[in-house]
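1. Coordinates for the following, if possible.
(chains A and B)
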Amino acid sequence: MRRLLVLGAGTAGTMVVNKLRHRLARADWQITVVEPGDTHYYQPGYLFLPFGTYSPDQVVRPLRPLVADGVDLVRGEVDRVAAAENRVLLADGRSLPYDYLVIATGVTPRPDQTPGMLDGGQWRRSIFDFYTYDGALALARALDAFDGGRLVVHITDMPIKCPVAPLEFAFLADAHFRRRGMRDRVELVYATPLPGAFTKPVAAARLGSMLDERKITVEPDFLVERVDGTTLVSYDEREIPFDLLVTVPLNMGADYVARSGLGDELNLVPVDRSTLLSRAYDNIFALGDANDIPTSKAGSVAHFAVEVFTDNFVAYAAGRPMTGRFDGHANCFVESGGGRALLIDFNYDTEPLPGRYPVPALGPFRLLDEAAVNHWGKLAFRWMYWNVLLPGRPIPLPAHMSMAGKHLPHAEE
Amino acid sequence: MPVTSIAGRDIHVDAEGFLTSYDEWTPELAEQLAAQIGIDLTDAHRKVVAFLRDDYATQGETATLRRVSTLSGVGTKELFTLFPKKPAKKMAYIAGLPKPHGCV
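-> Residues are numbered from 1 along each chain as shown, chains lettered A, B, ... in the order given. So this is what the prediction gives:
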């Protein structure tokens, strides 16, 4: 009996075990997934919790029914991976041997990594995050009570999960305050370590002008050193005072990754960007946010990567070469407020461009353009997530990015 | 690919002036590149640049600011003093490496 061990039953881990259970014979393969909690969260829904668009029950499901029959679900906390011995040690002393290991424990917001953020007396008083379930719900209450002042949306450092989510939060906050008739009493500031609204030029220009139109002030190249009470202080000594801070804390991989000697300076696992195979061990893969590939940390990336990985793994485990090559494909809806959204579609080499998706000229989705159809796509995606993606059912979208339907920017005359 | 002439030598650069060939870099060239962005190189700068060059040689990617501060022993605060405002970009420019892409 061969053993595949997966650490983490989040988006990537759950998809992997469900897909591979259908591909690997039960008589030959034991598939085990380790997860400390018994709940699965629909993380894209966190963005909507602070504004009351989603209720808490829409983003939470018990984990067990989401994991395919024939997959062993082990409740436990990983202490470390003993890679040289091909075994994983759990905090309670159990030891799980493996032939192949998939690390899919993602990244976690770490407010403890910025002095004064968690320990300055303002956490969950005037400092909030929305990348955790509790944080998003606490922020909902804070937004309800907020009666004006300076709201700062802030990113600590890159990379972060869903790098467009802070922008979406800013757009939705603008719409929220307008709807409440109090936009003139709120100053919105967007503080980012990036030189602009986004990393890729065409999208940065488009999203930057959307911030301008909404009178959201951008504070670029702002790398926070510490939080001093209710003031953000950068390494080059710029200060941004706030009444309400919505921050994205430093995102780090799991601490056991560092303890096991498998991580980089952010506890991310270095992998081959085409196959997601560890650069240090030839029987360890890292999928989803847990690896160091240079693309967005996002569910869509995890999904497209898992598609490529599944075929590769079946071949690899049979002693054949991995022929699938992941291209870094990401596909993200960007809520812009007022019932509209943009869609961006990109990979390692091609930045987000305008056009239509998935069918050239017809869409129905509009790339890099605000439209109601994109908003409905984003809302419909929640159903897709629970019912199609997580169970590992095929969806009729190619894993690799396509240039069809995309428009290249015109060269400057 | 644009070619520029620095200190009497032809150097391959990208649209933003970052060197595109690792081996065309020399310590003397670093002095010129630094001067172009208003930095007078000191030993403190050179130590950081040497770290970036070595790290790139093994990793194949330009180190992020966090990686430099974690591994080189030069803290982020000091990096901002040495290479004001945009340290990650300026360090890479002087070290003759591609702009770090850590930000996606």
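2. hey, which helix is longest across chain B?
-> helix B:43-59 (DSSP state H).
3. List the buried residues of the following helix or strand past it.
-> Where DSSP states H and E defines the elements, the next helix or strand beyond helix B:43-59 is helix B:65-71. By 16 or more other C-beta atoms under 10 Å in any protein chain shown, the buried positions in helix B:65-71 come out as B:65, B:66, B:67, B:68, B:69. C-beta coordinates here come from the backbone N, C-alpha and C atoms, glycine included.
4. So which residues of chain B form strands?
-> Per DSSP state E, chain B carries strands over the ranges B:3-6, B:9-12.
5. Reformat the ones you listed as a markdown table; add mean pLDDT, distance to chain A and mean neighbour count.
-> Shown next, in a markdown table, are those (pLDDT from 0 to 100; distance: least, C-beta to the nearest C-beta, whole Å; neighbours: other C-beta atoms under 10 Å in any protein chain shown):
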| stretch | mean pLDDT | distance to chain A | mean neighbour count |
| --- | --- | --- | --- |
| strand B:3-6 | 79 | 20 | 11 |
| strand B:9-12 | 86 | 20 | 14 |
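6. Out of those strands, which gets nearest to residue A:301?
-> Closest approach to residue A:301 among the strands of chain B (C-beta to C-beta): strand B:9-12, 32.4 Å.
7. tell me what that closest one is packed against?
-> Applying 3 or more C-beta pairs under 8 Å, 6 or more residues apart in numbering or on different chains; DSSP states H and E, we find strand B:9-12 packed against strand B:3-6.
8. What lies in contact with the strand it packs on?
-> B:10, B:11, B:12, B:13, B:17, B:29, B:32, B:33 (C-beta atoms under 8 Å, 6 or more residues apart in numbering or on different chains).
9. Mind putting the buried residues of helix B:65-71 into JSON lines with pLDDT?
-> Shown next, in JSON lines, are the buried residues of helix B:65-71 (pLDDT from 0 to 100):
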{"residue": "B:65", "pLDDT": "93"}
{"residue": "B:66", "pLDDT": "92"}
{"residue": "B:67", "pLDDT": "93"}
{"residue": "B:68", "pLDDT": "95"}
{"residue": "B:69", "pLDDT": "94"}
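10. Residue A:130: which of these is nearest?
-> Checking those against residue A:130 with C-beta to C-beta, the nearest one is residue B:66 at 23.0 Å.
11. interface residues of the stretch 101-250 of chain A facing chain B?
-> Selection of the stretch 101-250 of chain A residues close to chain B by C-beta under 8 Å from any C-beta of the partner chain yields A:157-159, A:163, A:193-195, A:199-200, A:221, A:223, A:225, A:235-236.
12. Next, format those as TSV and append neighbour count and pLDDT.
-> Formatted as TSV, these follow (neighbours: other C-beta atoms under 10 Å in any protein chain shown; pLDDT from 0 to 100):
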residue	neighbour count	pLDDT
A:157	23	95
A:158	23	93
A:159	21	94
A:163	23	91
A:193	21	94
A:194	19	91
A:195	14	88
A:199	19	75
A:200	17	81
A:221	18	92
A:223	23	96
A:225	19	97
A:235	21	96
A:236	16	93
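13. Just the ones in strands from these, please.
-> If you go by DSSP E, these have residue A:225 in strands.
14. if I look at residue A:291, how far off is residue A:285?
-> Per C-beta to C-beta, to the nearest Å, residue A:291 is found 8 Å from residue A:285.
15. Need the overlap of contacts for these two.
-> Jointly contacting residue A:291 and residue A:285 under the rule C-beta under 8 Å, 6+ apart are A:103, A:271, A:276.
16. Most neighbours out of the residues you listed, which is it?
-> For the shared contacts of residue A:291 and residue A:285, the largest number of neighbours (other C-beta atoms under 10 Å in any protein chain shown) sits with residue A:103, at 33 neighbours.
17. Distance-wise, check that residue relative to chain B.
-> Residue A:103 sits 20 Å away from chain B, taking C-beta to the nearest C-beta, to the nearest Å as the criterion.
18. Can you report phi and psi for that residue?
-> phi -90, psi 120 (degrees, to the nearest 10).
19. so how many other residues sit close to the residue nearest to it when sequence neighbours are not counted?
-> Leaving aside its chain neighbours, residue A:103 sits nearest to residue A:286 (4.3 Å; criterion: C-beta to C-beta, 6 or more residues apart in numbering or on different chains). For residue A:286, the neighbour count with other C-beta under 10 Å is 28.
20. What residues sit buried inside the strand or helix carrying residue A:172?
-> Applying DSSP H and E as the criterion places residue A:172 in helix A:165-179. Buried residues in helix A:165-179, defined by neighbour count with 16+ other C-beta under 10 Å: A:165-177.
21. Just put these in a markdown table and tack on pLDDT and distance to residue A:131.
-> Shown next, in a markdown table, are the buried residues of helix A:165-179 (pLDDT from 0 to 100; distance: C-beta to C-beta, whole Å):
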| residue | pLDDT | distance to residue A:131 |
| --- | --- | --- |
| A:165 | 95 | 8 |
| A:166 | 96 | 10 |
| A:167 | 95 | 14 |
| A:168 | 96 | 12 |
| A:169 | 97 | 10 |
| A:170 | 97 | 15 |
| A:171 | 97 | 17 |
| A:172 | 97 | 15 |
| A:173 | 98 | 16 |
| A:174 | 98 | 20 |
| A:175 | 97 | 20 |
| A:176 | 97 | 18 |
| A:177 | 98 | 22 |
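22. ok, which pair from the residues you listed is furthest apart?
-> Pairwise distances across the buried residues of helix A:165-179 (C-beta to C-beta) peak at 18.5 Å, for the pair A:165 and A:177.
23. Next to chain A, which bits of chain B? Give me the list.
-> Residues of chain B lying close to chain A by C-beta under 8 Å from any C-beta are B:61, B:65-67, B:70-71, B:76-77, B:79-80, B:84-86, B:101-104.
24. hey, where'd the helices end up in chain A?
-> A:11-23, A:133-145, A:165-179, A:201-213, A:255-259, A:299-317, A:372-384.
25. Is residue A:334 in contact with residue A:340, as I believe?
-> No - if you go by C-beta atoms under 8 Å, residue A:334 and residue A:340 don't touch, sitting 9.8 Å apart.
26. Overlap in contacts, those two.
-> Joint contacts of residue A:334 and residue A:340 (C-beta under 8 Å, 6+ apart) are residue A:374.
27. if I pick the closest residue to residue A:137 other than its chain neighbours, what's in contact with it?
-> Once flanking residues are discounted, residue A:137 sits nearest to residue A:49: 6.0 Å by C-beta to C-beta, 6+ apart. Contact analysis of residue A:49 by C-beta under 8 Å, 6+ apart lists A:56, A:59, A:130, A:133, A:136, A:137, A:139, A:140.
28. From these, pick the one nearest chain B.
-> Of all the contacts of residue A:49, chain B sits closest to residue A:130, with 20.6 Å by C-beta to the nearest C-beta.
29. what about the closest one, distance to residue A:172?
-> 10 Å.
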